[in-house]
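Trainee: A predicted structure for the sequence below; I have some questions about it.
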2 protein chains.
Amino acid sequence: MCQLLGMNCNTPTDIVFSFEGFRCRGGLTDSHADGFGIGFFEDKGVRLFHDDKASATSPVADLVRNYPIQSKNVIAHIRKATQGPILLANTHPFMREMWGQYWLFAHNGNLKGFQPREGQYYRTVGTTDSEAAFCYLLETLRQKFDHAPSLEQIFAEVNLIAQELRQYGLLNFLLSNGEWLIAHTGSLLHYIVRKAPFGEAKLVDDDVQIDFASVTTPNDRVAVIATLPLTDNENWQQLAVNELALFQDGEIVLRRTPDNPYYPTEAQGLAMARHAV
Amino acid sequence: MCQLLGMNCNTPTDIVFSFEGFRCRGGLTDSHADGFGIGFFEDKGVRLFHDDKASATSPVADLVRNYPIQSKNVIAHIRKATQGPILLANTHPFMREMWGQYWLFAHNGNLKGFQPREGQYYRTVGTTDSEAAFCYLLETLRQKFDHAPSLEQIFAEVNLIAQELRQYGLLNFLLSNGEWLIAHTGSLLHYIVRKAPFGEAKLVDDDVQIDFASVTTPNDRVAVIATLPLTDNENWQQLAVNELALFQDGEIVLRRTPDNPYYPTEAQGLAMARHAV
């Protein structure tokens, strides 16, 4: 299995503090040592760092720690290989372009026997179930929409695709096009929204703490999503199993769970629950 | 304008020595200081490093220097902006997936008034003529071939597309899918093939020299392509204006110039000059 880390903010923010704890789980405080990757959106562009070395000791991870990149959407992944050998081509997050935007995707789980037919628009380069799921997701969206539809339509479609993919096994994923970040919880994902008044936080995995009040402005809002909470003195929320949540500007703006009364029965059901955290 | 650097080898090789000289031209020995990028193929995967800072001082470039990544195909680019602002989305090399392979592209030149219609398969994210040319090149190939055709067919098609693009202005580019590297010379590109017996080399842009004999094996063959020679004591060759050359395993295996008698009049003309350097 693997672990996921995502960040979505209303203002470009560096992820150095959260990444510092997260990377320890790649070989130091946990065993996800089969490579790591992190992608930062900067406006429409993406900085993508991959390494097949463990994140705890990777020089690429050192750079990420030492070079505070400001981003509104970040997806990171540390890998413990299940399907596919330890190759750079199998390292998350995966990136493709669709509708003139870059899309990033990282997956934690195991989709057994998922072998979709070859896509017209999107094909895998590596050998993981995760990249196959990403390409299938994009292919399905692209076949349906020649240009970017509304946020609500994308969310509804991704929800349908996630339902389909869940039949093959465990599916936790993070997906972003630089404007928003979608989290799907198959088993385990937590999140926290940091906003004023900002307090102090202390990492679980390392003896590091930070006073967010000293590095933020009162209007900042930062959502951090992680497989397991990264700090031990903040109030992390757990997303429901099979929940799909869309973060924008540092808060959840669309969410859907099987138990949610607004859970739609068809893709175009747009009467979705909108509520800020 | 910009400068290009490429490497194509028969065995994974690090580009640290060449990159050390090349990066100096991004703000130190020359003025190409509007960002840089470098992409390394590792098997089918790609490590891609972009920065909107000058390569001479970028921390990302420091990482590339300090972390010898072994690769058979590398494309790097330092930018002096002509079209498009200094944004990460406008930073070369650009990457897309086609036929289940990643493709990298970097361009030096200026295509005036080149505004192809929106592609079905490939669309630009940024605002440069360079990314538009790359997307047009891939779109044309993808519309013609649903799966990867032969090397000769790709080369012939790329040659036709290059002829078309040249009508809009200056077009020096490097293109690679990880198996080979194509160089197109609109004005200025040099190359060198290093093979046994290996000698010493000294950078033009920095007081650094290397004895390749101490870091290679007798079977290694490494082609380096650069806008201007990187060393001052080796015999760099200049590619002809409007020449297209395909490097594989560290040597030119296909090349075509307007003066070459084998220069074909149609895409399927496969009787091309094959000769090793």
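Mentor: All right, it came through fine.

Trainee: got phi/psi on the residue nearest the centre of chain A?
Mentor: When C-alpha atoms, centre = their mean is applied to chain A, the residue found nearest the centroid is residue A:174 (2.6 Å). Phi and psi for residue A:174, reported as degrees, to the nearest 10, are phi -120, psi 140.

Trainee: and the pLDDT at it?
Mentor: Looking at residue A:174, its pLDDT reads 98.

Trainee: ditto for residue A:169
Mentor: Reading off the confidence values, residue A:169 has pLDDT 96.

Trainee: OK, contacts around it?
Mentor: Going by C-beta atoms under 8 Å, 6 or more residues apart in numbering or on different chains, residue A:169 touches A:109, A:110, A:111, A:112, A:114. Where you see a C-beta, it was placed from the backbone N, CA and C, and this is true even at glycine.

Trainee: phi and psi next, for it.
Mentor: Note on residue A:169: its backbone torsions stand at phi 140, psi -160 [degrees, to the nearest 10].

Trainee: bridging residues for it?
Mentor: Counting by DSSP bridges, residue A:169 is bridged to residue A:111.

Trainee: how close does it sit to residue A:145?
Mentor: 27 Å (C-beta to C-beta, to the nearest Å).

Trainee: list the contacts of the residue nearest to the centre of chain A.
Mentor: Contacts for residue A:174 (C-beta under 8 Å, 6+ apart) come out as A:4, A:6, A:75, A:93, A:104, A:105, A:106, A:181, A:182, A:183, A:184, A:225.

Trainee: neighbours of residue A:191, how many?
Mentor: 21 (other C-beta atoms under 10 Å in any protein chain shown).

Trainee: about what we covered before: chain B versus the residue nearest to the centre of chain A, what's the distance?
Mentor: Look at residue A:174 and chain B: by C-beta to the nearest C-beta, to the nearest Å, they are 19 Å apart.

Trainee: mind checking pLDDT for the closest residue in space to that residue that isn't next to it in sequence?
Mentor: Sequence neighbours aside, residue A:6 is the residue nearest to residue A:174 in space, at 4.3 Å (criterion: C-beta to C-beta, 6 or more residues apart in numbering or on different chains). pLDDT, residue A:6: 97.

Trainee: host element of residue A:6?
Mentor: Here residue A:6 is covered by strand A:3-13, with elements defined by DSSP states H and E.

Trainee: next SSE downstream of that strand?
Mentor: Next along from strand A:3-13, by DSSP H and E: helix A:16-24.

Trainee: ok, back up a step: what bridges to the residue nearest to the centre of chain A?
Mentor: Beta-bridge partners recorded for residue A:174 (DSSP bridges): residue A:106, residue A:183.

Trainee: tell me the pLDDT at the residue sitting furthest away from the middle of chain A?
Mentor: Distance from the centre of chain A peaks at residue A:214, with 26.6 Å (C-alpha atoms, centre = their mean). Note on residue A:214: pLDDT of 88.

Trainee: please identify the residues of the stretch 1-150 of chain A in proximity to chain B?
Mentor: A:42-52, A:59-60, A:63, A:66-67, A:87-91, A:95-97, A:99-102, A:121-126 (C-beta under 8 Å from any C-beta of the partner chain).

Trainee: in PyMOL, how would I select the buried members of the residues you listed?
Mentor: Provided next is the PyMOL selection string for whichever of the residues of the stretch 1-150 of chain A next to chain B are buried by 16 or more other C-beta atoms under 10 Å in any protein chain shown:
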select buried, chain A and resi 42+44+45+46+47+48+49+50+51+52+60+63+67+87+88+89+90+91+95+96+97+99+100+101+102+121+122+123+124+125+126
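
Trainee: among the residues of the stretch 1-150 of chain A next to chain B, which lie within strands?
Mentor: The strands, defined by DSSP state E, take in A:42, A:45-51, A:95-97, A:101-102 from the residues of the stretch 1-150 of chain A next to chain B.

Trainee: adding pLDDT, write those residues out as JSON lines.
Mentor: Formatted as JSON lines, these follow (pLDDT from 0 to 100):
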{"residue": "A:42", "pLDDT": "94"}
{"residue": "A:45", "pLDDT": "95"}
{"residue": "A:46", "pLDDT": "95"}
{"residue": "A:47", "pLDDT": "93"}
{"residue": "A:48", "pLDDT": "93"}
{"residue": "A:49", "pLDDT": "92"}
{"residue": "A:50", "pLDDT": "90"}
{"residue": "A:51", "pLDDT": "88"}
{"residue": "A:95", "pLDDT": "98"}
{"residue": "A:96", "pLDDT": "98"}
{"residue": "A:97", "pLDDT": "98"}
{"residue": "A:101", "pLDDT": "98"}
{"residue": "A:102", "pLDDT": "98"}
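
Trainee: make TSV out of these and add distance to residue B:188.
Mentor: Output for these, formatted as TSV (distance: C-beta to C-beta, whole Å):
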residue	distance to residue B:188
A:42	31
A:45	28
A:46	30
A:47	29
A:48	30
A:49	32
A:50	32
A:51	34
A:95	32
A:96	33
A:97	30
A:101	34
A:102	31
